[in-house]
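Novice: Provide a 3D model corresponding to the input given below.
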Amino acid sequence: MTFTLCGQIVHIQVQLWTHRPTVADDPEEPSRRAVTATIIFDFDGTIALGAGPLEAFARAIASAAGDAAFTDRAMAAVSAFERGESEARDGYDVISTLAGEQGVTVDALEAAYQSSRALLGSEKAAIAPPTGLAVFLATVRTHARVVLATNAPGAGIRPVLEGWHVADLFDELHFTVGKPDGLVPIVSAAVIDGPVLSVGDIFAFDLAPAADLGATTALVGATAERSPAAVTMRGRTIADLYGDIEAWAADAASSSTPTGTTLTERHDPHA
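Specialist: This is a model prediction of the structure:
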C-alpha cells in the first residue's frame, strides 16, 4: 500500500545489505553478462496486512478535527471499498477523501498520517505479515535481488521487519519513494541487470511505472479481483501468488542475458 499527501518533494532513502555481481568483467560482451533478476515489493497492503494503520490514521484525524465519530465513519467507508463499492486507490485514499470532504486540511492530514505511522506495529496500529513470508522471501532470494520500495517513512517499518525476522532478506530498502514517479529510477536501475517483477496493491503507483519499463507485474489486495488493469499476476494476498512468484524468479534467473520481461496474461481474467 502507498500514501502520499505532499508529492512535490520526494526523498529516497536506501539501505543496502547485499550486492550480487550483475555484470561480467568485459562490458563489450553482453552475451556473457551475468543476469540478476529483481523483485520489488510494496509494504502496506502487500507484505504488511491489517487495518491497524488505517484505524490509527482515522483516529488521529478524528482527534485533530474534534470529531469523535469520524473514526467509525472512516472505517465503514474502508469496509465499503474492500467490498468493491468505491473506486478509491486504497484505504488511505478512502479516509483522506472523506476527511477532505469534511474540511480537514492537507497539512492536518499529513500530521495525522505521520503520527499514526509512529505507532506502526504496536497494538494501536497492528499489522501482520502474510503467512510464510520469511520462507517465501528466503526462497526467491536464491534467484533474485529482493527490494522493498514504499512511500511510507522508514522509521516505523524497520523495527517491524526486524520483528518479523525478514529485514536481512531484503537487499535494498527504499522509503518515502514518492511513487509513482519515484519508482521509475529504482526500476530503471534494476532492468539494466535483468528481468524485474513489481508487486503491490495500487496499480497506478506500484505497477504502472514498472510495466512502462518492461517489468512483469503482480497486483494484490482489495482491487486485485476487480481491477481492469492489465497485469501479469493477481491475487487477494501475496500468499496466493507465492508459487507463481517463485516460478518467475527461477525462470528469470535462468536467462542468459539481461532483458526486459515480456508481459503475459496467464493470471489475468480480464485479458
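Novice: show me what counts as buried in stretch 150-160.
Specialist: T150, N151, A152, P153, G154, G156, I157, V160 (16 or more other CB atoms under 10 Å). (Each C-beta comes from the backbone N, C-alpha and C, glycine too.)
Novice: how about the strands of the stretch 51-200 of the chain, start to end?
Specialist: Listed in chain order, the strands of the stretch 51-200 of the chain (DSSP state E, counting those that start in this stretch) span 144-149, 172-175, 196-200.
Novice: pick the most deeply packed of these.
Specialist: strand 196-200 (a mean of 28; mean count of other CB atoms under 10 Å).
Novice: between that strand and strand 144-149, what angle do the directions make?
Specialist: Strand 196-200 and strand 144-149 are oriented at 40 degrees to each other (axes from the mean of the first three to the mean of the last three CA atoms, to 10 degrees).
Novice: what lines up beside strand 196-200 in the sheet?
Specialist: With DSSP bridges as the test, strand 196-200 is paired with strand 37-41 (parallel), strand 216-220 (parallel).
Novice: all helices for this structure, in order.
Specialist: 52-65, 70-82, 91-101, 106-117, 133-140, 154-163, 183-193, 208-212, 242-253 (DSSP state H).
Novice: low-confidence ranges, the protein, go.
Specialist: 1-33, 256-271 (pLDDT under 70).
Novice: try 80
Specialist: 1-34, 255-271 (pLDDT under 80).
Novice: pick out the residue closest to the middle of it.
Specialist: In the chain, the centroid-proximal residue (CA atoms, centre = their mean) is D42; its distance is 1.4 Å.
Novice: which one is that residue nearest to, not counting chain neighbours?
Specialist: Nearest non-adjacent residue to D42, counting by CB to CB, 6 or more residues apart in numbering: G200, 3.5 Å away.
Novice: do you know how far the one you found is from A210?
Specialist: Separation of G200 from A210 (CB to CB, to the nearest Å) stands at 9 Å.
Novice: so what's the residue count around D168?
Specialist: 14 (other CB atoms under 10 Å).
Novice: same check on the one 3 residues further on?
Specialist: Here the count is done by other CB under 10 Å, and D171 has 20 residues near it.
Novice: for it, grab phi and psi.
Specialist: Per-residue torsions, D171: phi -80, psi -30 (degrees, to the nearest 10).
Novice: verify the contact between the residue nearest to the centre of the chain and A152 for me.
Specialist: No - when contacts are counted by CB atoms under 8 Å, D42 is not listed as touching A152 (9.3 Å).
Novice: rewinding a little: could you check how far the residue nearest to D42 is from E101?
Specialist: For G200 relative to E101 (CB to CB), the value is 27 Å.
Novice: again with P159
Specialist: Applying CB to CB to P159 and E101 gives a distance of 34 Å.
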